[in-house]
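**Student:** What shape does this take:
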Amino acid sequence: MSFAHMAWAANKMLPAREKVTLLALANRMNAKSGRCDPSHTTLAEDAGMSVSSVKRSLDQLQVHHLITIVPRWRGAVQLPNQYNLHLTNTSLDRAQKVGVMETRVEPPCTAPGVTGRGGAVQDGDWVGAQGATNLGVNLEEKQEGTPTAFDCWWKMWPNGPHKVALSECQRLWKDNDLDALSDDIIAHTEAMKKSAAWRAGWEPSPKTYLAGRRWLDGVPPDTSELVTEAGDGAPGWWDSASGIEAQGRKRGISKREAEAMPDFFLRVSKASGPGEWVVHALKRAKDDGPTRLQHVIQFFGEDLVPAGWWPVD
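**Tutor:** Next up, the predicted model:
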């Protein structure tokens, strides 16, 4: 822990979620090395928040130049991000110096000059006496004027004849508590928008997508996202031993002596990043029983396993 960073974070006037997340980062700062690279799960546990809430808070902290998020990779495997905390003047510091009592993060889609409950915009910063700084408030409370996760998802859905039943989709989202899965739903929807079927107008209705939990189906191998992020293995390599071995060679992974093919497949899949092969491995493990499934889930980790596969507490 770095006491300098803790004092700096404690002095910031922020909405409760962002404040707690910033304190959690400062608490994980290595005072000697200056490194801060906790996983999203670690931050969520420290802050007492969900992983999706932590991710949204980190994005807001970066928008206001309090932190910089630096992605880290080891080959094709994504590691926890590194976070650089800025102990310098920021837009929030300038707002404090004008003598206002509190400072809030302005919702990103709010027009200039538009404010919430009291306050005004000064030098591009939202300031007002009713900013949420009490750490005792409900961390999951919706901040007034901030777009909800559903709003963001609905806005990104392709405009067309299938985009109907807004109120029913809102009800499905609320009844199934999909805010907790919003990052996975939005990421899957964005990937599917690049697929040949969706580009041709064959996307389902939003209601069908939510009711059928389509984000658990994975992404077909014809999407740009699959090719760009998941690797350059030919579609279907995971269906045969020769394909798995060929993909392993591309990733610099060799089959160990006496290693079972299913275990080798797991190592190659993890090195290949997100993709249909991960869902394929999970389905295979599910057929083998709960013990095997739990092992595979823990092996892949939160960055690869789609929402819905994690055990419910």
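
**Student:** what about Trp277, how many residues close to it?
**Tutor:** 29 (other Cβ atoms under 10 Å). Heads up, the C-betas are built off the backbone N, CA and C, glycines and all.

**Student:** what helix or strand does it sit in?
**Tutor:** Using DSSP states H and E, Trp277 sits in helix 276-288.

**Student:** neighbours of His162, just the number please.
**Tutor:** If we define neighbours as other Cβ under 10 Å, then His162 has 17 of them.

**Student:** One more: Arg17?
**Tutor:** When neighbours are counted by other Cβ under 10 Å, Arg17 comes out with 25.

**Student:** Beyond the helix holding Trp277, next helix or strand please.
**Tutor:** Following helix 276-288 toward the C-terminus (DSSP H and E): helix 290-300.

**Student:** Alpha carbons only: can I get that following helix in PDB?
**Tutor:** Taking C-alpha atoms only, helix 290-300 is exported to PDB below (Å, rounded to 0.1, in the frame of the first residue of the first chain):
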ATOM      1  CA  PRO A 290     -19.500 -30.700 -12.500                       C
ATOM      2  CA  THR A 291     -16.000 -31.300 -11.200                       C
ATOM      3  CA  ARG A 292     -14.400 -31.200 -14.700                       C
ATOM      4  CA  LEU A 293     -16.500 -28.100 -15.600                       C
ATOM      5  CA  GLN A 294     -15.300 -26.300 -12.400                       C
ATOM      6  CA  HIS A 295     -11.700 -27.100 -13.200                       C
ATOM      7  CA  VAL A 296     -12.000 -25.800 -16.800                       C
ATOM      8  CA  ILE A 297     -13.700 -22.600 -15.600                       C
ATOM      9  CA  GLN A 298     -11.000 -21.900 -13.100                       C
ATOM     10  CA  PHE A 299      -8.300 -22.700 -15.700                       C
ATOM     11  CA  PHE A 300      -9.700 -20.200 -18.200                       C
END
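
**Student:** and that helix with helix 276-288, angle?
**Tutor:** Helix 290-300 runs at 160 degrees relative to helix 276-288, counting by axes from the mean of the first three to the mean of the last three Cα atoms, to 10 degrees.

**Student:** which strands and helices sit next to helix 290-300?
**Tutor:** helix 261-272, helix 276-288 (3 or more Cβ pairs under 8 Å, 6 or more residues apart in numbering; DSSP states H and E).

**Student:** in the longest one, what's buried?
**Tutor:** For helix 276-288, the neighbour count (16 or more other Cβ atoms under 10 Å) marks Glu276, Trp277, Val278, Val279, Ala281, Leu282, Arg284, Ala285 as buried.

**Student:** Please work out the average pLDDT along it.
**Tutor:** Averaging pLDDT along helix 276-288 gives 87.

**Student:** starting at the chain centroid, how far to that helix?
**Tutor:** 22 Å (Cα atoms, centre = their mean, to the nearest Å).

**Student:** Likewise for stretch 210-220?
**Tutor:** 17 Å.

**Student:** Stretch 276-295 now?
**Tutor:** That offset, for stretch 276-295, works out to 23 Å (Cα atoms, centre = their mean).

**Student:** any chance you could map the strands in the stretch 51-200 of the chain?
**Tutor:** Under the criterion DSSP state E, counting those that start in this stretch, the stretch 51-200 of the chain contains strands at 67-74, 77-85, 120-122, 125-127.

**Student:** got a pLDDT number for Leu92?
**Tutor:** 52.

**Student:** do the same with Lys207
**Tutor:** Value for Lys207, per-residue pLDDT: 92.

**Student:** now swap in Thr146 and tell me
**Tutor:** So Thr146 comes in at 73 (pLDDT).

**Student:** Counting neighbours, what do you get for it?
**Tutor:** 17.

**Student:** Quick one: residues contacting the closest residue to His280 other than its chain neighbours.
**Tutor:** Excluding the flanking residues, the one nearest His280 by Cβ to Cβ, 6 or more residues apart in numbering is Trp238, at 5.3 Å. Residues near Trp238 by Cβ atoms under 8 Å, 6 or more residues apart in numbering: Ile244, Gln247, Phe265, Ser269, Glu276, Trp277, His280, Ala281.
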